[in-house]
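> Please find the sequence and the predicted model below.
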Amino acid sequence: MNISMWNSPAKTSATGKRRPTAGWCNCTRRSRARSRCWRRYERPFKPQGETLAFTGARPLDAQSESGHTIIISAYQFQVKPADVSAGLLALEPGEVPSEYRLFFDQPVLAAYRYSARPFNLKLALSPLAQGDSLAQVVDRATLTTRISKEGQAITEARYFVKSRGNPNFRVTLPDETQLWSATVNGVAVVPVMDGKSNLIPLPQHADPDTVLTLDLKLAARSPDAKHVHVAAPIVTAPVMLAEWKLEPDEGQRLIYQAGTLTPADGAADSSGFAQVAQVFRTGRTLEAAGLLLAALAAFALCSFAWRWSTGGGAHKFSPRHLLGGLIGCGAIVFAGVSLLRLAGAFEPISTDVANSVTFLAPVQQAASALTAEVANVPANTSTLAYGGSLTLVLLAVVAWILGRCAARNLHLEFSAGRSSRGRRCACRTALPAFWPCWQPSWSCAW
């Protein structure tokens with residue numbers, strides 16, 4: 001009798017018993033008649049791992065036997081051969097016959113093919129440790145802090161929380177901050193203090209995929225009303241995306257100074273360097289360079305034409321004088337048009353300054369602290385946003401003054417030298433008349 005059989009150990013229960021396994025048999029008796037059977041059996045199995053024999057059911061009165069042994073499980077095990085006969089052929093999961101896959105949908109841990117009995121097949125199975133997943137996570141957090149003119153800050157925080165088996169949501173408030181109210185899904189709850197942390201109770205027996213809306217209202221006061229330091233609550237769950245907006249009182253403006261985050265819109269730069277950088281970013285570099293070269297070439301042509309019109313014995317209103325003047329004027333007009341088009345390529349940058357400050361934090365680890373320091377000033381107060389440009393202007397003025405002073409000193413020295421030279425020349429011209437009588441012991445020289 002020929003037999004083709006596969007065994008498939010299935011799931012392992014928490015009690016350490018192996019769940020029923022099934023065997024599929026194709027049998028051929030001596031009369032050449034075929035029959036099929038489906039078998040189930042249980043075997044004890046230790047949860048921490050064990051070495052098991054997978055020889056399968058052995059039919060009686062069989063002349064020859066061949067088949068497959070397939071080990072499957074819904075859990076991940078580390079499979080190591082302990083005692084495997086040389087006649088067994090190890091198979092990859094993709095080499096298992098497709099008709100056998102109709103009877104299971106679990107991953108294949110190991111598969112062997114045998115052509116005859118007896119054979120030994122003992123495998124050492126040890127379960128792999130399952131990794132821990134997050135029991136609590138904040139999908140999104142939105143915080144709005146309103147800062148008054150006197151330095152008082154009121155923060156409204158909303159967290160969209162997913163929790164699995166965690167009865168509380170732990171929140172640590174910054175120093176000198178009071179918790180005014182807390183609600184979960186619109187229902188007021190009473191927080192419980194645990195050291196410096198507040199435990200916000202969450203609904204029990206909730207689906208882990210259900211999003212819980214947690215609203216907190218906080219209040220704080222800064223010692224300095226003009227320089228306000230604010231901080232967001234610290235949560236013990238990772239935050240996927242956090243948005244924090246600081247809003248001033250009416251007639252006030254907030255200016256970012258320092259903090260763990262930078263404003264979402266960045267620092268506004270409307271200088272000429274920013275306009276030049278914008279030309280490079282927009283891909284208009286070749287256009288601007290072409291206009292600049294055209295203007296320089298026009299100026300060079302104008303200079304050459306005017307020098308040519310006044311040289312070589314040319315007189316006023318002569319054909320050469322008139323032709324050179326017309327060419328020079330045309331070159332000047334062309335250069336002016338090119339410079340105007342070049343100026344149009346540098347688009348102005350908006351100088352509008354927002355009174356509020358907004359922060360965006362894409363991913364924050366658990367217990368991350370978010371702080372910010374802002375200046376609370378009147379809305380019409382000017383700032384030193386253009387300090388770099390003013391510094392350059394001052395340096396240019398200083399350089400111009402020093403240049404003027406140096407040129408004046410050089411002019412005075414040159415004038416003094418010319419006066420001394422004139423006196424020497426007059427002396428040398430007048431003294432020869434009296435030279436025979438005078439005959440001094442010195443001579444006048446240049």
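Looks like it arrived, so ask away.

> quick one: what helix or strand has residue 331 in it?
helix 319-345 (DSSP states H and E).

> in that helix, what counts as buried?
For helix 319-345, burial by neighbour count (16 or more other CB atoms under 10 Å) applies to 321, 324, 327-328, 331-332, 334-335, 338-339, 342, 345. Using the backbone N, CA and C atoms, a C-beta is placed for each residue, glycine as well.

> Adding distance to residue 216 and pLDDT, write those out as JSON lines.
Conversion of these to JSON lines gives the following (distance: CB to CB, whole Å; pLDDT from 0 to 100):
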{"residue": "321", "distance to residue 216": "86", "pLDDT": "82"}
{"residue": "324", "distance to residue 216": "81", "pLDDT": "84"}
{"residue": "327", "distance to residue 216": "78", "pLDDT": "89"}
{"residue": "328", "distance to residue 216": "75", "pLDDT": "87"}
{"residue": "331", "distance to residue 216": "71", "pLDDT": "88"}
{"residue": "332", "distance to residue 216": "69", "pLDDT": "89"}
{"residue": "334", "distance to residue 216": "68", "pLDDT": "91"}
{"residue": "335", "distance to residue 216": "65", "pLDDT": "88"}
{"residue": "338", "distance to residue 216": "61", "pLDDT": "88"}
{"residue": "339", "distance to residue 216": "59", "pLDDT": "86"}
{"residue": "342", "distance to residue 216": "55", "pLDDT": "84"}
{"residue": "345", "distance to residue 216": "51", "pLDDT": "79"}
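
> now, among those, which is nearest to residue 209?
Using CB to CB, residue 345 comes nearest to residue 209 of the buried residues of helix 319-345, at 54.0 Å.

> Check which helix or strand the residue nearest to that closest one when sequence neighbours are not counted maps to.
Sequence neighbours aside, residue 288 is the residue nearest to residue 345 in space, at 4.9 Å (criterion: CB to CB, 6 or more residues apart in numbering). Using DSSP H and E, residue 288 sits within helix 285-310.

> that older thread, closest one to residue 283 out of the buried residues of helix 319-345, please.
Among these, and counting by CB to CB, the member closest to residue 283 is residue 345, at 11.2 Å.

> Tell me the backbone dihedrals of the residue most central in space within the chain, please.
Nearest to the mean C-alpha position of the chain, counting by CA atoms, centre = their mean, stands residue 362 at 8.2 Å. Dihedral pair for residue 362: phi -70, psi -50, per degrees, to the nearest 10.

> these two touch, right, it and residue 239?
No: between residue 362 and residue 239 there is no contact under CB atoms under 8 Å: 9.3 Å.

> Look at the nearest residue to residue 362 once chain neighbours are set aside and say how many residues are nearby.
Once flanking residues are discounted, residue 362 sits nearest to residue 241: 5.8 Å by CB to CB, 6+ apart. Neighbour count of residue 241, defined by other CB atoms under 10 Å: 15.

> so what's residue 241 up against?
Residue 241 makes contacts with 139-141, 360-363, as judged by CB atoms under 8 Å, 6 or more residues apart in numbering.

> quick one: it from residue 95, how far?
46 Å (CB to CB, to the nearest Å).

> do the same with residue 289
According to CB to CB, residue 289 stands 66 Å off from residue 95.

> Please apply the same query to residue 124.
For residue 124, the distance to residue 95 equals 22 Å [CB to CB].

> Among those two, which residue is more densely surrounded?
With neighbours defined as other CB under 10 Å, residue 124 and residue 95 compare such that residue 124 has more, 15 against 12.

> My understanding was that that one contacts residue 49; is that so?
Yes: taking contacts as CB under 8 Å, residue 124 lies within contact range of residue 49: 7.2 Å.

> Please report phi then psi for residue 140.
phi -150, psi 140.

> Quickly list the domain ranges of the chain.
2-127, 136-259, 272-345 (automatic domain parsing).

> What's opposite residue 183 in the beta bridge?
As for beta bridges, residue 183 partners with residue 188, residue 215 under DSSP bridges.

> hang on, it packs against residue 215?
Yes: the pair residue 183 and residue 215 qualifies as a contact (CB under 8 Å) at a distance of 4.7 Å.

> most neighbours, which of the contacts of residue 241?
residue 141 (24 neighbours).

> give me every residue that touches residue 325.
Here residue 325 is in contact with 305-306, 309 (CB under 8 Å, 6+ apart).

> Make sure residue 101 is indeed in a strand.
No: under DSSP: H, G, I helix; E, B strand; the rest coil, residue 101 sits outside any strand and is assigned helix.

> and the gap between it and residue 148?
Counting by CB to CB - residue 101 and residue 148 are separated by 70 Å.

> more neighbours, those two?
Neighbour totals were compared for residue 101 and residue 148, and residue 148 leads with 17 against 13 (other CB under 10 Å).
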